[in-house]
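Asker: My questions concern the predicted model and sequence given below.
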Amino acid sequence: MPLLAIACGGAEQDVDADVAAIEALIDHAVDVNNAGDIAGWVELFADDAVYMPDGKPPVQTREGLEGAAVSHFSRYRSNIQISADEIHVLGEWAFARTTVSGTLTRSNGNPIQVDGKELAVYRRQPNGGWKLARLIANSSR
């Protein structure tokens, strides 16, 4: 997987550690999606995050994020993988271009193939960790 990390501005920065932290956040996103963990999914996002799902209006509130998760996880059981195609770290901001694959299974048992791509913008939090600031999802179908 090609990774590019660029440090911009100010203080000394451990870009490799930032990339590893974002990779861990992506892995955690897989876990919460596959577990149907509503609270865990919402917690991936910063307080002022914007989620732009494929074919739907943007979600700009915590309540909206929770509603999107409830709606999705009540209709589908996920078995997905998210692969980082590239990660760029730019000081307090970072972004990742990812590929999402796997299946979503409806409550009637019928699976749907997932073939998507995302652009995720992350912002460093006051505790030094990273959270999603913007997530743009798009189906490849």
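Answerer: That came in fine, so what should we check first?

Asker: ok, residue 136 touching residue 117?
Answerer: No. The criterion here is C-beta atoms under 8 Å, and residue 136 misses it with residue 117 at 9.0 Å. The C-beta positions use only the backbone N, C-alpha and C, and glycine is treated the same way.

Asker: ok now stretch 81-100, how far from the chain's centre?
Answerer: 9 Å (C-alpha atoms, centre = their mean, to the nearest Å).

Asker: So which bits of that stretch are buried?
Answerer: Buried residues in stretch 81-100, counted by 16 or more other C-beta atoms under 10 Å: 82, 84, 87, 88, 89, 90, 94, 95, 96, 98, 99, 100.

Asker: Low-confidence regions, this protein specifically.
Answerer: 1-12 (pLDDT under 70).

Asker: Could you rerun that using 90?
Answerer: Filtered on pLDDT under 90, the chain yields the residue ranges 1-13, 107-108, 140-141.

Asker: Strands of that one, start to end?
Answerer: In the chain, the strands defined using DSSP state E lie at 45-52, 76-90, 93-106, 111-124, 130-139.

Asker: will you turn those into CSV that also has distance to residue 33?
Answerer: Output for the strands of the chain, formatted as CSV (distance: least, C-beta to C-beta, whole Å):
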stretch, distance to residue 33
strand 45-52, 13
strand 76-90, 5
strand 93-106, 9
strand 111-124, 10
strand 130-139, 12
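
Asker: out of those, which comes closest to residue 30?
Answerer: When the strands of the chain are compared by C-beta to C-beta, strand 76-90 sits nearest residue 30, at 5.2 Å.

Asker: what lines up beside that closest one in the sheet?
Answerer: strand 93-106 (antiparallel) (DSSP bridges).

Asker: gap between residue 40 and residue 120?
Answerer: For residue 40, the distance to residue 120 (C-beta to C-beta, to the nearest Å) stands at 16 Å.

Asker: between the two, which one's more packed in?
Answerer: More crowded of residue 40 and residue 120, by other C-beta atoms under 10 Å: residue 120, with 23 against 15.
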